[in-house]
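Asks: here is the input, now give the coordinates:
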Amino acid sequence: QVQLQESGPGLVKPSQTLSLTCTVSGASITTNSYYWSWIRQPPGLGLEWMGAIRNSGSIYYNPSLKSRTSISRDTSKNQFTLQLNSVTPEDTAVYYCARGLDVNNYAAYGYWGQGTQVTVSS
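Replies: Coordinates of the predicted model:
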């Protein structure tokens, strides 16, 4: 059974960097052609795909967030991480990590973490 678990601080101050880690069990992030993605949902709004890393190590970003986003992985720990720089209150959202076959087709994501609430506030 594939499981994903997000971890990181729930409160980040404006202008600081948001850092989250997704720990994966039941599957390796270095095998098969899946997109290991970060997806967020601000309050009252829809899902927004932020970026992904594939088994090969190739990284893809949402163009609207690319200048502030960095995704990396630690294959020894079977984890991938998200960093979002210069956060503002508009970055307040529930952040999910997920595994999918297509970056923008949420129906193609078969496994999701439970989500973690991140609030940007001073």
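
Asks: list the residues that contact Asp79.
Replies: One correction, residue 79 is Gln, not Asp. The contact partners of Gln79, by C-beta atoms under 8 Å, 6 or more residues apart in numbering, come to 21-24, 29, 73. (Glycine included, C-beta is placed from N, CA and C.)

Asks: tell me the centre residue of the chain?
Replies: For the chain, Trp38 is the residue whose C-alpha lies nearest the centre (C-alpha atoms, centre = their mean; 2.1 Å).

Asks: look at that residue and give its secondary structure.
Replies: Following DSSP: H, G, I helix; E, B strand; the rest coil, Trp38 is assigned to strand.

Asks: these two touch, right, Arg40 and Tyr96?
Replies: Yes. Arg40 lies in contact with Tyr96 (C-beta atoms under 8 Å); the separation is 6.9 Å.

Asks: first vs last residue of stretch 18-33, how far apart are they?
Replies: Start and end residues of stretch 18-33 are separated by 27 Å (C-alpha to C-alpha, to the nearest Å).
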